[in-house]
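[1] Prediction below, plus the sequence it came from.
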Amino acid sequence: MIEFESVTKRFGSFTAVDAVSLHVRQGEFLTLLGPSGCGKTTLLRMLSGFETPDLGAIRIAGEDVTALPPYRRNVNQVFQSYALFPHLNVRDNIAFGLRMQKVPKVEARRRVEEIVEMVALGGFEARMPHQLSGGQRQRVALARALVPGPAVLLLDEPLSALDAKLRRQMQVELKRLQRRLGTTFVFVTHDQEEALTMSDRIAVMRGGRVEQLGTPTEIYHRPVSGFVAEFVGEANLLAAERVGGEQGRDGAALRVRLEGGLELSVPAMAWPGGAARARVSVRPEKLCVSKRPIEGVENLFQAVIAEEIFQGAFDHLVLRTEAGTVLSAVVPNESAVMEALHEGDRVWCGLHADDLVIVAA
Amino acid sequence: MQGLPGTLPPNPHARPAGAWGWWLLAPMLAWLALFVVAPMAILLVYSFGSRGALGVVELGFSLENYERIADPIYLRIFGRSIGYAALTTLLCVVIGFPAAWFIARRSPEWRGRLLLLVMVPFWTSFLIRTYAWIAILRSEGLLNAVLKSSGVVPHVLPAPLDLLYTPTAVVIGLVYVYLPFVILPVYASAEKLDGTLLEAAQDLGAGPLRVFREVIVPLTWPGIAAGMMLVFVPAIGMFAVTDLMGGARVSMIGNVIHNQFTRALNFPFGAALGVVFTLLFVLSYALLLWLGRRRDETAKAR
């Protein structure tokens, strides 16, 4: 559907996008995720036509759009600031694109009514943008971009101005809308939770390049680098060195020592071949913490709860192993069936070898 | 604290909003009453009087002065004044809008510098600047010297331009004087315009011309309208530029009024001209307001 072919964009001496090749599939929800300055917005702006690549080509539905101005592209954008026209009411804002396309009035009216219904803005058609709440403005921006029927909808951090609760609600609504319409969505965000919730695939960007492209579960469970592991979700990212040869039932495990001294068994397959050092990523929720020894795990060790941070549904624990390695763990909050864990408690920690992710040092 | 929220007793220290704030207007109101309202009233009273011997004003109630204005000579002068003022306004908008837009789209530091340049002419006396234009436009002036030395005359144009004391010279002078009065208010609206709106319009399929018509003009209209008022109204009544650059050949209503008071010493007729002139201002202002409102309404009706 969309093809970026070694696209490069420089601003002065700064390379915002560095030889990115990326294929977006028809009807997919693709998220460009990364910290500010990673090039995600520039990549999006080249798709909408507000920036032109210095090198490379961009194709949408097979058509080379690299040099096409924004108003000739079958692509619409939802802006971060919404960019609603302050002099037009909700209906005219939404109808703007149709008017530019010279869609007959009767048809335009029907399509506007349809989309107003879809984004639940019925009754607000005559309001001016300044009379709307943030969430309503967001819906108008969305409706305005969707009504011309673009081949691709671009969304530039459209939820960042909403409060947390509304944001979560809009995430679900956006995803539902996308499934229903089958339109290809390219979504830009720096919020990993948003990316994981909504995307079919995520392109994690860093320094103008795509670091990893994959489904949310792939990105979360199998990050290809320490950067991805840390940026997406929480991770204990610890330097590790190989201390023992292959062992275990079928020689499938390696012995490694983490910084601080804790020794773990890791799958030999996962270790970068021949390397002496690497980094191990442990998701806090993969650590099993209990006052009793845990059965059936390759790695079992003791630790002391150095800190306990209440987070509502979860408890965040900072654990210090006997060897001195510090790990974060997230455990469900205590309840009638769960044992209570408190600061200073001596606990057992279990870790499945398969839950460990090894990334290059 | 007792009672429900919303039924709390009124705060005894609260002051009624704005009761004293009106006094802030007092100096201005006094000034206006003394120097605007009073002279206008005198003008109105004079306009119904007649000229006595040696220019003494004889009060009374006669419509003679107004009847005299209906004379084609004066109507033509009124029409010409309106025409020149309208042309000046148009040229000021056509020249000033792009300049204001250009300045508004620069970085904040460049905006400051360029605005300063727009205001530089105000540092010199208006009369001196008008004489400078005479030096440029007269037949042996700067413009013709440049045209001759560059060979435009006689190769492109058969003869040197004889611009001074022509309507062209008057309009050049008027546009020059009033240009900043369009640039400044248009700049003020253009600077507030969020650039993302232009991108949004393009994104929705608007080419450059439509972005201009659908987004830029409506959103800078308050500035354009203010600029037009600031040019059109004073340009009708301007007499200095027309006097100096138009000579006796191009007289406008301002010159006629000026002459009635200073040379003909016919205060009542001058006053009547002034009253009609003021009514013209009011009408043109109402027209602009109406145009603006109609624009809003057609936008809403779409």
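    Yes, it's here.
[2] any chance you could map the strands in the stretch 51-200 of chain B?
    B:57-58 (DSSP state E, counting those that start in this stretch).
[3] Could you pull out the helices in it for me?
    B:64-69, B:72-104, B:108-119, B:126-137, B:142-149, B:152-155, B:167-192, B:195-203 (DSSP state H, counting those that start in this stretch).
[4] so which of those helices gets nearest chain A?
    Evaluated with Cβ to the nearest Cβ, the helices of the stretch 51-200 of chain B place helix B:195-203 nearest to chain A, the distance being 3.9 Å. Backbone N, C-alpha and C define where each C-beta goes, glycine included.
[5] what separates the closest one from the chain centre, distance-wise?
    Remark: helix B:195-203 is offset 32 Å from the chain centroid, using Cα atoms, centre = their mean, to the nearest Å.
[6] what is the orientation angle of it with helix B:72-104?
    100 degrees (axes from the mean of the first three to the mean of the last three Cα atoms, to 10 degrees).
[7] what packs against helix B:195-203?
    Counting contacts by 3 or more Cβ pairs under 8 Å, 6 or more residues apart in numbering or on different chains; DSSP states H and E, helix B:195-203 packs against strand A:75-78, helix B:208-211.
[8] got a list of contacts for the last one?
    Applying Cβ atoms under 8 Å, 6 or more residues apart in numbering or on different chains, the set of residues contacting helix B:208-211 from outside is A:Met100, B:Leu198, B:Ala201, B:Gln202.
[9] before we move on, what about the first one?
    Contacts with strand A:75-78, where a contact means Cβ under 8 Å, 6+ apart, come from A:44, A:47-49, A:60, A:97, A:138, A:141-142, A:144-146, A:148, A:150-156, A:158, B:199-200, B:203-204.
[10] which residues of chain B score low on pLDDT?
    Along chain B, the model assigns pLDDT under 70 to residues B:1-19, B:295-302.
[11] ranges for the strands of the stretch 101-250 of chain A?
    For the stretch 101-250 of chain A, the strands defined by DSSP E, counting those that start in this stretch occupy A:152-156, A:184-189, A:201-206, A:209-214, A:236-247.
[12] With respect to chain B, which of these lies nearest?
    Smallest distance to chain B across those (Cβ to the nearest Cβ): 8.5 Å, for strand A:152-156.
[13] Against which helices or strands is that closest one packed?
    helix A:40-48, strand A:75-78, helix A:134-146, strand A:184-189.
[14] what's the most buried one of these?
    Most buried of the helices and strands packed on strand A:152-156, by mean neighbour count (mean count of other Cβ atoms under 10 Å in any protein chain shown): strand A:75-78, with a mean of 27.
[15] Over it, what's the mean pLDDT, rounded is fine.
    For strand A:75-78, mean pLDDT is 96.
[16] repeat for stretch A:283-303
    For stretch A:283-303, mean pLDDT rounds to 90.
[17] Centre of the chain to that stretch, how far?
    Here the centre of mass of C-alpha atoms in stretch A:283-303, compared against the chain's by Cα atoms, centre = their mean, lies 28 Å away.
[18] And for stretch A:287-306?
    Put simply, stretch A:287-306 sits 31 Å off its chain's centre (Cα atoms, centre = their mean).
[19] hmm, back to that, please tabulate the helices and strands packed on strand A:152-156 in a markdown table, including the columns distance to B:Pro167.
    Listed next are those as a markdown table, based on distance: least, Cβ to Cβ, whole Å:
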| stretch | distance to B:Pro167 |
| --- | --- |
| helix A:40-48 | 50 |
| strand A:75-78 | 51 |
| helix A:134-146 | 49 |
| strand A:184-189 | 58 |
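[20] related to what we said a few turns ago, and the strands of the stretch 101-250 of chain A, which one averages the lowest pLDDT?
    Mean pLDDT is lowest for strand A:236-247 among these, at a mean of 83.
[21] Count residues in the vicinity of A:Ala361, would you?
    13 (other Cβ atoms under 10 Å in any protein chain shown).
[22] Quick check: it vs B:Ala26, distance?
    Distance of A:Ala361 to B:Ala26, computed by Cβ to Cβ, to the nearest Å: 78 Å.
[23] A:Asp315 now?
    For A:Asp315 relative to B:Ala26 (Cβ to Cβ), the value is 67 Å.
[24] In contact with residue 49, which residues?
    Picking chain A for this. For A:Gly49, the contact set (Cβ under 8 Å, 6+ apart) comprises A:Val65, A:Leu68, A:Pro69, A:Pro70, A:Tyr71, A:Arg72, A:Arg73, A:Val75, B:Gln202, B:Asp203.
[25] my question was about chain B
    Taking Cβ under 8 Å, 6+ apart as the test, what B:Gly49 contacts is B:Val57, B:Glu58, B:Leu59, B:Gly60, B:Ser62, B:Phe267, B:Pro268, B:Ala271.
[26] now do A:Leu132
    A:Val90, A:Phe124, A:Val140.
[27] Please identify the pairing partners of the helix or strand of chain A with the lowest mean pLDDT and their relative orientation?
    One helix or strand of chain A scores below all others by mean pLDDT, DSSP states H and E: strand A:236-247, with a mean of 83. The strands that strand A:236-247 pairs with in its sheet are strand A:253-258 (antiparallel), strand A:277-282 (antiparallel) (by DSSP bridges).
[28] ok, and what's touching the last one?
    In this case it means strand A:277-282. A:223, A:226, A:229-230, A:235-242, A:256, A:258, A:264, A:266, A:271-272, A:327, A:351, A:355-361.
[29] rerun at 6 Å
    The contact list for strand A:277-282, computed with Cβ atoms under 6 Å, 6 or more residues apart in numbering or on different chains, reads A:226, A:229, A:235-241, A:272, A:356-359, A:361.
[30] most neighbours, which of these?
    Among the contacts of strand A:277-282, A:Ala240 has the most neighbours (other Cβ under 10 Å), with 27 neighbours.
[31] From B:Arg111, how far off is that residue?
    56 Å.
[32] check which helix or strand covers A:Thr307.
    For residue A:307 the amino acid is Glu, not Thr. Here A:Glu307 sits within strand A:299-311, counting by DSSP states H and E.
[33] Not counting its own residues, what contacts stretch B:170-183?
    Residues outside stretch B:170-183 that contact it (Cβ under 6 Å, 6+ apart): B:87-88, B:91-93, B:96, B:99-100, B:118, B:133, B:227, B:230-231, B:235, B:241-242, B:245-246, B:250.
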